[in-house]
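# Return a 3D structure for these sequence lines:
(2 chains)
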Amino acid sequence: MQLPGISVRNICKKYGAVEAVKNVSFDCQSGRFFCLLGPSGAGKTTILKIIAGVEEVASGEIYIDDRLVNDIRPQERDVAMMFENYALYPHLTVYGNMASPYTSAIRKSRYSPEEVDKTIKEVATSLSIENLLARYPKELSGGQKQRAALGRALVRKPSVFLLDEPISHLDAKLRHNMRTELKKIHEQIGTSFVYATPDQLEAISMADVIAVIDRGQIQQIGTPDDVFEKPANEFVASFMGEPPMNLFDGVLREENREPLLRIANFDLALPVELGKALEQKIPHGEVRAGIRPTHINIGKSPTDRNSIPAEIYVFEPLGRYAIVTARVNGLLLKVKTRGQLKITEGESVWLDFDLNRLYFFDTKIRTSITIW
Amino acid sequence: MAGVVLKEVCKNYGTVEAVRGFNLKCEDGEFMCLLGPSGCGKSSSLRMIAGLEQVTSGEIFIGERLVNDLPPKDRNIAMVFETYALYPHLSVRDNISFPLKIRKWTGSQIDKKVAEVAEMLDMNDFLDKKVRGLGDGQKQRVSIARALVREPEVFLMDEPISHLDAQLRARMRSELKRLQRETGTTCVYVTHDQTEAMALADKIAIMNLGALQQVGTPEEIFDYPTNEFVAGFIGEPPMNFLDCTAVRENEDLFLVSPSFRMLSPRDLKKSMEERVVPSEVRVGIRPTDVRLSEVSEPDSIRAEVYTIEPRGDGLILTVKLGNELFRVESANDIKLRPGEMIGLKPEKERIHIFSKSTGLSLL
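The predicted model follows:
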């Protein structure tokens, strides 16, 4: 039994020899804000087009609200799309734009003018643009145009909204505001959103569920918290977070019954339980380790034997916090510091890792072997 | 090594005043960022320094030399732009060597220089590969290497990393900063990204609509913006602005709006004593400069939770103050829902106040 919302099962898509989408499956429950997150070329737009029916699949199934829609035309699939350009009709008012889906003959016969009017006003109110209905697109701000475009798509009462990087071209300030607005709109109208973006911050701030994609393959599906705190593999770990997670090679060994993790020629003494648990997973000792820039502390003097001596490589002040790049025997680590610590390039400092926040990945297949 | 000085530089494109009366002093060895939204005049200014555009009026000095009438090749500058303009069919080595071959350097001189620069930019792995097979980050490094070998007096860069993906961009940013420090070469760098400017610059010249708004260190611009435009442009998330009336009551000065009333910071009161200050003001508060409290706490501003946006290592809380939206940066462990009421406590000494009519800071 399929649940209401969207389900995609084992979809594959090739463009010539290139596998754009490789065996992708996910569920977007009705009403959820679902993000497809990945770098450009990962396959996000292709997946949206497949759901919309604008692209065909080589294999796999697409379900919308319990219906298998593979052979159903885009117009009949109950989806609405919003891509980067709003494409509002400049010669029509906001009202006219929102009425345009109902001007086709088929729709005219199904819906009375009163019904259409009622729907338009309801949707406009839910988007807080009821006072803008008489305006023309050129009289609207960027944010207002966004809402009008959403409104035009929403009047069709779709089961699901497909959004492809709808705000990436806006300037930083407007993008910020639109993010807040889109999240609010979603909360207010309750339609499922499937939203594609390469911006991990956007995904984390807006989504209920995130599917991280790379080169056509799903890397992980989870809540923002899941993908950020418990990345399934090295790709997800390094993709989430700004600055990205520091990743480096490590060797696990034991000396005098103490578990040590050797990184960049420095031996970190690990808590005994952690060492034991890791030993089981890494019998040969080699591991990929990671730590987020926010989980490293910089001090002007060593705290304990685990304080790693380092040299400041670059200092980037960013107002209330700073990004410091520190060099440990040739390894560059990024640290995000809060507060007004005075740091100068070339200075010798000590780095304290929060050992409880270390991540571990298999050296060969790069999946997470971190103990949660 | 040389500084760059602009004196009353103007640029008109037909009737459009793209750059108006621009005065700037960039010291020798300084990393100067020209920052502003698109159309502010930053790229036009850079192109005039490069000699790619003629000034409409004004003077440009590189070092002691007035360069207005010198073509780009005689200005001793090197440019790094967003489009690399590399020869795709040639190797990285050949691309980098090109400017030196033109100058008739000997083979061994060229080899030595190329090796030096390749080492600096960590390019040894792909030095002999053809440019067309390279990734974006690599191509950008080739572009920078080619500028480096020319040993210019000034680097001119126009959004050299804005098109790279986020992770690569952050990495290249620190590399650029490091490089500029190592070479000690003056750099004038154009960007619309305030984070980039804050991270890289010794000084930021922030522009809007063709006019310079403020010049200062990142700290100065961040902590002491001279007007509302600068205050709202620098800082991520952006500063919140609220319309208020400054009201005097006995000895005290209050900032009053439909949604709250608070005692003004000391500095504003002092300003008002020293000069006539308009009563209609815009109060600016950074999202990082607000504490959250219970609604019942005294001295707190009552607000309704609008949305919560997680950020990984914290969250952005948007609240409603009357009809206005207001952002607060907060730690992860806050458990709140839209519709709930909370209290806001802005840090008094970090509040900014601007005249509503002129936009200028009143502090």
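# any idea which element residue A:176 lies in?
Assigned by DSSP states H and E, residue A:176 belongs to helix A:172-189.
# continuing past that helix, what's the next helix or strand?
Taking DSSP H and E, what comes next after helix A:172-189 is strand A:192-197.
# what does that following strand contact?
By C-beta atoms under 8 Å, 6 or more residues apart in numbering or on different chains, the residues outside strand A:192-197 that reach it are A:5-6, A:28-37, A:44-45, A:47-48, A:51, A:159-166, A:168, A:182, A:186, A:203, A:206-207. Where C-beta positions appear, they are placed from N, C-alpha and C, glycine not excepted.
# switch to 6 Å and redo it
With C-beta atoms under 6 Å, 6 or more residues apart in numbering or on different chains as the test, strand A:192-197 has contacts from A:5, A:28, A:30-36, A:44, A:48, A:160-165, A:186, A:203.
# Would you confirm that residue A:162 contacts residue A:47?
No - counting by C-beta atoms under 6 Å, residue A:162 stays clear of residue A:47, with 9.3 Å between them.
# For residue 265, the count of nearby residues, please.
Here I'm looking at chain A. 10 (other C-beta atoms under 10 Å in any protein chain shown).
# Actually, chain B is the one I wanted.
So residue B:265, with other C-beta under 10 Å, has 21 neighbours.
# Please name the residues that touch it.
Per C-beta under 6 Å, 6+ apart, neighbours of residue B:265: B:348, B:349, B:351.
# about what we covered before: what about residue A:162 and residue A:47, which has more around it?
residue A:47 (30 against 26).
# so is that one in a helix, a strand, or just coil?
With DSSP: H, G, I helix; E, B strand; the rest coil as the basis, residue A:47 sits in helix.
# Quick one: residues in contact with stretch A:144-159.
Applying C-beta under 6 Å, 6+ apart, the external contacts of stretch A:144-159 come out as A:64-65, A:78-80, A:82, A:86, A:88, A:94, A:97-98, A:101, A:119-120, A:123-124, A:127, A:129, A:132, A:178.
# which of the residues in that stretch are buried?
Within stretch A:144-159, the residues scored as buried using 16 or more other C-beta atoms under 10 Å in any protein chain shown are A:144-156, A:158-159.
# re earlier: in a markdown table, list the contacts of residue B:265 along with pLDDT, secondary structure and distance to residue B:95.
Formatted as a markdown table, the contacts of residue B:265 follow (pLDDT from 0 to 100; DSSP: H, G, I helix; E, B strand; the rest coil; distance: C-beta to C-beta, whole Å):
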| residue | pLDDT | secondary structure | distance to residue B:95 |
| --- | --- | --- | --- |
| B:348 | 86 | helix | 56 |
| B:349 | 85 | helix | 53 |
| B:351 | 91 | coil | 52 |
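# Centre of the chain to stretch A:44-53, how far?
Averaging C-alpha positions (C-alpha atoms, centre = their mean, to the nearest Å) puts stretch A:44-53 17 Å from its chain's average.
# same thing with stretch A:77-96?
For stretch A:77-96, the distance to the chain centre is 25 Å (C-alpha atoms, centre = their mean).
# Stretch A:309-316 too?
30 Å.
# first vs last residue of stretch A:348-365, how far apart are they?
One end of stretch A:348-365 sits 36 Å from the other (C-alpha to C-alpha, to the nearest Å).
# So which residues make contact with that stretch?
Residues contacting stretch A:348-365 (C-beta under 6 Å, 6+ apart): A:234, A:237, A:286-291, A:295-299, A:302-303, A:307-311, A:368-370.
# Which of the contacts of stretch A:144-159 fall within helices?
A:94, A:97, A:98, A:119, A:120, A:123, A:124, A:178 (DSSP state H).
# from those, which single one is nearest chain B?
residue A:178 (12.0 Å; C-beta to the nearest C-beta).
# related to what we said a few turns ago, adding distance to residue B:23 and neighbour count, write the contacts of residue B:265 out as CSV.
Shown next, in CSV, are these (distance: C-beta to C-beta, whole Å; neighbours: other C-beta atoms under 10 Å in any protein chain shown):
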residue, distance to residue B:23, neighbour count
B:348, 35, 14
B:349, 32, 9
B:351, 31, 20
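# Walking through the stretch 251-372 of chain A, point out its helices one by one.
When assigned using DSSP state H, counting those that start in this stretch, the helices of the stretch 251-372 of chain A occupy the ranges A:272-281.
# Could you identify the buried members of the contacts of stretch A:348-365?
A:234, A:237, A:287-291, A:295-298, A:307-308, A:310, A:368-370.
# low-confidence ranges in the stretch 101-250 of chain A?
Scanning the stretch 101-250 of chain A for pLDDT under 70 picks out A:105-109.
# Which residue does it have closest to chain B?
Taking C-beta to the nearest C-beta, the stretch 101-250 of chain A has residue A:205 as its residue nearest chain B, at 3.6 Å.
# Now do that residue against residue B:327, distance only.
Separation of residue A:205 from residue B:327 (C-beta to C-beta, to the nearest Å): 12 Å.
# How about residue B:67?
45 Å.
# What residues does the residue in the stretch 51-200 of chain B positioned nearest to chain A make contact with?
Taking C-beta to the nearest C-beta, chain A has its nearest neighbour within the stretch 51-200 of chain B at residue B:199, 3.5 Å off. Applying C-beta under 6 Å, 6+ apart to residue B:199 gives the contacts A:316, B:173.
# that older thread, higher neighbour count, residue B:67 and residue B:327?
residue B:327 (24 against 21).
# What count of nearby residues applies to residue A:83?
Residues near residue A:83, counting by other C-beta under 10 Å, number 15.
# The closest residue to it other than its chain neighbours: how many residues sit nearby?
Distances taken as C-beta to C-beta, 6 or more residues apart in numbering or on different chains place residue A:164 nearest to residue A:83, at 4.7 Å, with adjacent residues excluded. Residue A:164 has 20 neighbours, counted by other C-beta under 10 Å.
# Quick check: beta-bridge partners of residue A:164?
Beta-bridge pairing of residue A:164, defined through DSSP bridges, involves residue A:196.
# That one against residue A:46, yeah?
No - the criterion here is C-beta under 6 Å, and residue A:164 misses it with residue A:46 at 10.3 Å.
# Tell me the backbone dihedrals of residue B:252, please.
phi -100, psi 160 (degrees, to the nearest 10).
# same question, the one 3 residues further on
Residue B:255 adopts backbone torsions of phi -110, psi 120, taken as degrees, to the nearest 10.
# need the contact list for it.
B:244, B:262, B:264, B:283.
# residues from chain A in reach of chain B?
Near chain B, the residues belonging to chain A are A:39, A:173, A:180, A:183-184, A:204-205, A:224, A:228, A:241, A:243-244, A:294, A:314, A:316-320, A:325 when assessed by C-beta under 6 Å from any C-beta of the partner chain.
# Nearest to chain A within the stretch 1-150 of chain B, name that residue for me.
residue B:37 (6.3 Å).
# Just the pLDDT at that residue, thanks.
Predicted confidence (pLDDT) for residue B:37: 89.
# Let me know how buried it is, in neighbour terms.
16.
# Now do the helices in the stretch 101-250 of chain B.
Counting by DSSP H, counting those that start in this stretch, the helices of the stretch 101-250 of chain B are B:107-120, B:136-148, B:166-183, B:194-200, B:218-223, B:228-233.
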